[in-house]
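Asks: let me see the structure of the following:
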Amino acid sequence: MFAGKQLFPSMHFLRHCFNKYTFTSKNRLNQNLLPCLLLMRIIGFLLISVATIILLLCMFYLDDTENNFIRALLTVVPSVCLPLGLSFLFFNSETKLFDLVLRIFQAVSLLLILGGIALQLVRNGNAFIFMLTGALGYTFAYAPLQLKKDYNQWQSLSQSKFYSALLSIINFYGVSALVIGTLFKLMHWRGANFMLISGMVVAIASLWFWNYLYKKVMLEKIEIEKNIKYAFDELDKSITYATRIQKAKLPRTEVIYKKFQQSFVLYKPKEKMSGDFYFYSEPGSNACFIAAADCTGHGIPGAILSMVGSEKLFEHSRPHATAGQVLMNLNNGLRASLRLRDNNSGINDGMDIAICRFNEIDNQLTTIEFAGAKRPLLIVRKDSTEIEEIKGNKTSIGEQEADESTFTTHTINLNKGDTIYLTSDGYADTFSAADKKLTTKKFKQMLIDIQTMTMDEQAKHLDDFIEKWKGGCEQTDDILVIGVRV
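Replies: Purely as a prediction, here's the structure:
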């Protein structure tokens with residue numbers, strides 16, 4: 001074994017080159033094709049070996065023979081075998097080495113053609129060998145590159161591998177026939193006219209075939225794009241109309257601002273339709289409800305759920321219902337409406353919500369009730385530098401069957417000048433251009449810092465800040481912030 005390795009060290013080098021330049025991890029073919037690839041690479045090695053041997057023979061015997069056929073054979077065969085061998089060897093390779101080698105071979109072949117023309121001008125007998133070698137070398141070095149280019153170009157336009165391969169071969173033959181025919185014409189050899197005429201016929205046929213298939217493919221693509229555009233336009237119209245319906249279901253902010261003169265609603269959907277929604281209702285003269293809800297998801301699915309939730313809130317926000325009772329009835333009503341009790345329904349959605357019931361006593365003191373499903377109530381007292389947080393229950397709406405004890409009703413007294421905030425998690429979870437989340441802690445500190453502003457100014461500040469924070473990046477979630485100063 002050791003002796004074998006010493007006698008044939010070049011085999012290890014060839015195996016290393018074979019594996020490195022003919023197979024890449026990014027382009028693994030089907031295992032059934034591996035025998036074909038192996039056969040092609042063996043043929044490639046054999047062709048390169050034959051070309052190398054003949055080149056060595058040329059070095060020793062080309063000047064000694066006067067037979068023009070043998071001289072042409074010794075010079076032409078390497079110019080054909082070498083590029084073809086490289087083509088077989090580097091088949092399916094992603095390395096740029098193959099293209100570089102062939103382009104160098106093309107450049108050398110062009111120099112041989114120019115040298116042959118120069119020798120022909122001085123009536124040198126070796127002119128035809130130079131020109132023939134250069135022409136064939138250029139043609140066969142040109143073949144793999146052009147075939148690959150044509151094939152890839154057609155594959156991007158058509159799914160037909162047959163047409164792609166056929167057009168590539170026709171193009172190659174047409175160009176090769178014109179090049180070789182021109183060479184034959186210059187050398188006054190037989191067959192020149194046939195090569196030129198066949199090359200032109202094939203070139204014209206290739207152009208017609210290209211035009212026919214191109215029109216066919218492009219017409220199909222235009223029709224597909226037209227259908228896609230029509231479907232997209234119809235979908236966009238439907239979404240736009242659905243957005244108007246969703247906005248119509250939202251309470252008018254003018255009604256809220258009339259009831260709470262110092263208040264704002266910052267509502268920024270991620271898409272046209274939103275999974276967040278705000279709610280306001282006055283079921284009686286002495287009470288009103290206001291809520292901020294965050295449904296599962298955003299866009300169309302979230303919007304559908306928000307409309308169902310909004311309808312259920314209107315249904316259950318009765319004059320004598322507490323905030324906790326409203327959430328309990330909302331929970332059970334949503335579960336019944338979406339069949340969340342049914343394990344086979346395939347729906348596992350719900351919403352997080354914070355709701356307040358305002359009970360006005362006098363101009364100086366207001367009593368509110370708060371209940372939350374995974375959303376808190378934030379309170380900033382007048383002239384305070386701290387924020388109070390009253391947490392909601394850890395159960396989402398729709399998560400489980402609810403009773404009177406599921407959602408706790410908190411009673412809070414607010415003095416004139418105190419401010420409350422109801423929010424979804426969208427604002428605090430917004431990411432910056434540096435992929436950094438704002439966080440709830442920073443959001444709370446911001447609410448404390450803006451207490452000297454009016455509510456309108458607060459809304460503008462929060463809006464401007466979040467836009468600057470995003471830095472032009474896409475919004476990651478729906479944003480909803482409601483602020484009320486009593």
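
Asks: which residues touch Thr430?
Replies: Under the criterion of CB atoms under 8 Å, 6 or more residues apart in numbering, the neighbours of Thr430 are Lys437, Leu438, Ile466, Trp469, Lys470, Gln475, Thr476, Asp477, Ile479. C-betas here are computed from N, CA, C, even on glycine.

Asks: pLDDT at the last one, what is it?
Replies: To tie it back to what came earlier, the one meant is Ile479. Looking at Ile479, its pLDDT is 94.

Asks: quick one: contacts for Met453?
Replies: His461.

Asks: rerun at 10 Å
Replies: Ala459, Lys460, His461, Leu462 (CB atoms under 10 Å, 6 or more residues apart in numbering).

Asks: wait, isn't the first one in contact with Ser263?
Replies: This means Ala459. Yes. Under the criterion of CB atoms under 10 Å, Ala459 makes contact with Ser263 at 9.1 Å.

Asks: give me the common contacts of the two.
Replies: With CB under 10 Å, 6+ apart as the test, Ala459 and Ser263 both reach Ile482, Gly483.

Asks: show me which of these two is the more surrounded one.
Replies: Ser263 (22 against 19; other CB atoms under 10 Å).

Asks: now the more buried one. Nearest residue, chain neighbours left out?
Replies: Nearest residue to Ser263, sequence neighbours excluded (CB to CB, 6 or more residues apart in numbering): Val484, at 4.5 Å.

Asks: each with direction, which strands does whatever helix or strand the one you found lives in pair with?
Replies: Element membership for Val484, per DSSP states H and E: strand 479-485. Neighbouring strands of strand 479-485 in its sheet, by DSSP bridges, are strand 263-268 (antiparallel), strand 419-423 (antiparallel).

Asks: which of those is buried the deepest?
Replies: Stretch with highest mean neighbour count among the strands paired with strand 479-485: strand 419-423 (a mean of 24; mean count of other CB atoms under 10 Å).

Asks: pLDDT on it, on average?
Replies: Mean predicted lDDT for strand 419-423 stands at 96.

Asks: show me what secondary structure element comes after it.
Replies: helix 440-449.

Asks: quick one: that next one to strand 479-485, angle?
Replies: Using axes from the mean of the first three to the mean of the last three CA atoms, to 10 degrees, the inter-axis angle of helix 440-449 relative to strand 479-485 is 30 degrees.

Asks: for the helix or strand just after helix 440-449, buried residues please.
Replies: Counting by DSSP H and E, the next helix or strand C-terminal to helix 440-449 is helix 455-470. Across helix 455-470, burial judged by 16 or more other CB atoms under 10 Å covers Met455, Gln458, Ala459, Leu462, Phe465, Ile466, Trp469, Lys470.

Asks: so what's the first one up against?
Replies: With contacts taken as CB under 10 Å, 6+ apart, Met455 has the following neighbours: Tyr257, Phe260, Gln261, Gln262, Ser263, Phe264, Thr419, Gly483, Val484, Arg485.

Asks: drop anything exposed from these.
Replies: Buried, going by 16+ other CB under 10 Å: Phe260, Ser263, Phe264, Thr419, Gly483, Val484, Arg485, out of the contacts of Met455.

Asks: show me the shaky parts of the stretch 251-400 of the chain.
Replies: Applying pLDDT under 70 to the stretch 251-400 of the chain flags residues 340-348, 361-365.

Asks: where along it do the strands fall?
Replies: 263-268, 276-284, 287-295, 351-360, 365-373, 377-380, 388-390 (DSSP state E, counting those that start in this stretch).

Asks: let me have those in TSV, extended by distance to Ile245.
Replies: Below are the strands of the stretch 251-400 of the chain laid out as TSV (distance: least, CB to CB, whole Å):
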stretch	distance to Ile245
strand 263-268	16
strand 276-284	12
strand 287-295	16
strand 351-360	19
strand 365-373	25
strand 377-380	30
strand 388-390	34
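
Asks: and those strands, which is most packed in?
Replies: strand 287-295 (a mean of 25).
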